[in-house]
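*Asks:* Below is the structure, and that's it, no one-letter string:
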């Protein structure tokens, strides 16, 4: 309801600007003394011209832009709209005759009106953006006094550095006092940017830190070469001084640079590839004014998905999460970051068909993103039935509800562990992919799945575990010297999910080009060095054996399957064979029966029979499959 009211208000404002532009154009044409002959029929001409211009804006797609993010990139759409409305006005000028002559508009008025209308429409949106940004600044506390603040040097005097200084000055609760920049561009040395002097190069940091009594170095470089970050981090470690970094360039472009988000140098920047930046321009058109439901909204990926979606002005953002505190936290964040976005938090289990049906009936979502899942491989080896309930049966019931309520797009968050599954978690996610492919044939909803590797920093993932072990002085435990994994940031994961929804036509399983796999031992050593210690000497590394269900090497798809490209160079569609509807439906019924009346070992045996390329060992996990009797039946 609120989204519809906003659209009506915007339409009225646009019509008012267009009407004003038309009147001013007439006044300019006749030197503010409109002849009596021209005054006749002026109101009719105004209504006709404004209606034509509003239709032109719709045809050019200019009405889809989110006002508070409008910039120069949107200018071409308004120019195209001006062409669209100019053509019929010119045609009317030359073709109207007899009584219709009163509807024709003078050529000079058409020209003046076109210029004034484009300027007015863009100006209106710029004013809205300025009001929004001003409100955001006023919502933050005034700048704190310099006394008691941490003295910092900003490494990088480019655009990211400038935006960082602006953000820093707009925040009063940061306790940060920037004393200047360092930058390796010799032409910038001695220059003053945003009132801060470029003091020297990054190699002069040891001298500058000592002379200026600096507490921290903040790297304010966007999309910089990981080797540069590594070099700066090593310099700071030798000084020693704490080193931190701003978010990536994607966040800067979206206006999300926030010093509250500055963190210790992220291992993302030290991996063997540059961050994948997925297309974002199409996402605005895809998500704006849509009702979006996200399950698992309190999890690592689910929470980032909510933050990403909120940027594109959805009509309603429905958060479904069964962990109350996690839901409370992400709801609070969204209220602070995007106060104008209607966010509805719902404590609910995505696998509860009665509860989810009531939410579907009440909110009628356009897009459903299913991120709720049990994802921890060893944990699911000892909770086999719960893995099936949550990852398989919940996906089926939610997917069927989406089809029944004619949801436009349904996106399943999957995993590379679904390839040749060796674990219960991987097998259940592969089954969920097959269910999605089958549902796409049954309903008009577009169903897609998104498959990617490990998400850095997500709850229970390797990075937080390593960091906790390092804080305790070690040892850092690595399961095997040759174990490798594909890694991506949580931002990349969320963008992939949204881009897949925008690209997909239905039935696809999308795979991200994540570069080369990373050895876990290399990751552990880098993280130890980044923390200021020497691996193997100050922080020992201990090898353990792979846990139940873990592979030494993960795959994103079968080598023999191949991949098809999409319009994005780093997103691919896997040639992943689907199963017949009868086989999938029979398999789901069997799993449902085993969850109610079977054992973990029975479920493992079922998956080994169902997936010819699976190898989920019953003997190794025999203890895990012996669940308490109370859980064997319902």
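*Replies:* Perfect, I can see it now. Remember, it's a predicted structure, so these values are computed and weren't measured experimentally. Numbering: from 1, shown residues only.
*Asks:* any idea how this structure splits into domains?
*Replies:* Here the domain parsing of the chain from automatic domain parsing is 2-138, 150-265, 281-610.
*Asks:* pLDDT averaged over the first one - what is it?
*Replies:* When pLDDT is averaged over domain 2-138, the result is 78.
*Asks:* try the shortest one
*Replies:* Here the mean pLDDT over domain 150-265 is 76, rounded to a whole number.
*Asks:* and what of the longest one?
*Replies:* Confidence for domain 281-610, expressed as mean pLDDT, is 85.
*Asks:* Count the neighbours of residue 597 for me.
*Replies:* 11 (other Cβ atoms under 10 Å). Glycine gets a C-beta too; all of them are placed from N, C-alpha and C.
*Asks:* Would you check how far apart it and residue 396 are?
*Replies:* For residue 597, the distance to residue 396 equals 18 Å [Cβ to Cβ, to the nearest Å].
*Asks:* same check, this time on residue 357
*Replies:* Taking Cβ to Cβ, one finds residue 357 at 14 Å from residue 396.
*Asks:* more neighbours, those two?
*Replies:* Set residue 357 next to residue 396 and count neighbours by other Cβ under 10 Å: residue 396 wins out with 22 against 15.
*Asks:* if you compare the domains of the chain, which one is most tucked away?
*Replies:* Ranked by mean neighbour count, these are led by domain 281-610 with a mean of 20 (mean count of other Cβ atoms under 10 Å).
*Asks:* how far does that one sit from the chain's center?
*Replies:* Relative to its chain's centre, domain 281-610 lies at 14 Å (Cα atoms, centre = their mean, to the nearest Å).
*Asks:* Check stretch 120-135 too.
*Replies:* 25 Å.
*Asks:* And stretch 208-220, by the same measure?
*Replies:* 33 Å.
*Asks:* Can you give me the end-to-end span of it?
*Replies:* With Cα to Cα, to the nearest Å as the measure, the first residue of stretch 208-220 is 17 Å from its last.
*Asks:* Show residues contacting that stretch.
*Replies:* For stretch 208-220, the surrounding residues in contact (Cβ atoms under 8 Å, 6 or more residues apart in numbering) are 150-158, 160-161, 164, 179-182, 199-200, 205, 229, 232, 236, 239, 241-246, 262, 265.
*Asks:* Break down the stretch 151-300 of the chain into its helices, ranges please.
*Replies:* For the stretch 151-300 of the chain, applying DSSP state H, counting those that start in this stretch gives helices covering 159-169, 205-212, 226-238, 249-253, 281-287, 300-310.
*Asks:* how about TSV for these, with distance to residue 477 added?
*Replies:* What follows is these, written out as TSV (distance: least, Cβ to Cβ, whole Å):
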stretch	distance to residue 477
helix 159-169	36
helix 205-212	34
helix 226-238	23
helix 249-253	33
helix 281-287	39
helix 300-310	21
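*Asks:* Go through these and name the closest to residue 499.
*Replies:* Closest to residue 499 of these, according to Cβ to Cβ: helix 281-287, at 6.9 Å.
*Asks:* which helices and strands does the closest one pack with?
*Replies:* In terms of contacts (3 or more Cβ pairs under 8 Å, 6 or more residues apart in numbering; DSSP states H and E), helix 281-287 is packed against helix 490-503.
*Asks:* The very next helix or strand once past the helix it packs on - which strands sit beside it in the sheet, and in what orientation?
*Replies:* Downstream of helix 490-503, the next assigned helix or strand under DSSP states H and E is strand 509-512. Take DSSP bridges as the rule and strand 509-512 pairs in its sheet with strand 446-451 (parallel), strand 571-574 (antiparallel).
*Asks:* Ok, which of the ones you listed comes nearest residue 403?
*Replies:* Across the strands paired with strand 509-512, residue 403 has its closest neighbour in strand 446-451 (8.1 Å, Cβ to Cβ).
*Asks:* for stretch 467-479, how far is the first residue from the last?
*Replies:* Stretch 467-479 has an end-to-end distance of 16 Å (criterion: Cα to Cα).
*Asks:* among the contacts of stretch 208-220, which are in strands?
*Replies:* Residues of these located in strands (DSSP state E): 150-155, 179-182, 199-200, 242-245.
*Asks:* which one among those residues gets closest to residue 534?
*Replies:* residue 243 (16.9 Å).
*Asks:* Not counting sequence-adjacent ones, nearest residue to that closest one?
*Replies:* residue 236 (4.0 Å; Cβ to Cβ, 6 or more residues apart in numbering).
*Asks:* Surely the one you found is in contact with residue 244?
*Replies:* No - contact criterion Cβ atoms under 8 Å: residue 236 and residue 244 do not qualify, at 9.5 Å.
*Asks:* Show me the strands in the stretch 51-200 of the chain, by range?
*Replies:* 150-155, 176-182, 192-193, 196-200 (DSSP state E, counting those that start in this stretch).
*Asks:* Would you mind telling me which of the ones you listed is nearest residue 449?
*Replies:* Ranking those by proximity to residue 449 (Cβ to Cβ) places strand 150-155 first, at 40.7 Å.
*Asks:* any idea of the angle the closest one forms with helix 159-169?
*Replies:* Computed with axes from the mean of the first three to the mean of the last three Cα atoms, to 10 degrees, the direction of strand 150-155 lies at 160 degrees from that of helix 159-169.
*Asks:* what distance separates strand 150-155 from the centre of its chain?
*Replies:* Centroid separation for strand 150-155 versus its chain: 29 Å, with Cα atoms, centre = their mean.
*Asks:* Between the helices of the stretch 151-300 of the chain, which one is closest to residue 391.
*Replies:* Nearest of the helices of the stretch 151-300 of the chain to residue 391, taken as Cβ to Cβ: helix 300-310 at 14.3 Å.
*Asks:* which other helices and strands contact the closest one?
*Replies:* Packing contacts for helix 300-310, counted by 3+ Cβ pairs under 8 Å, 6+ apart, involve strand 291-295, strand 316-321, helix 324-337, helix 490-503.
*Asks:* Nothing else from me, thank you.
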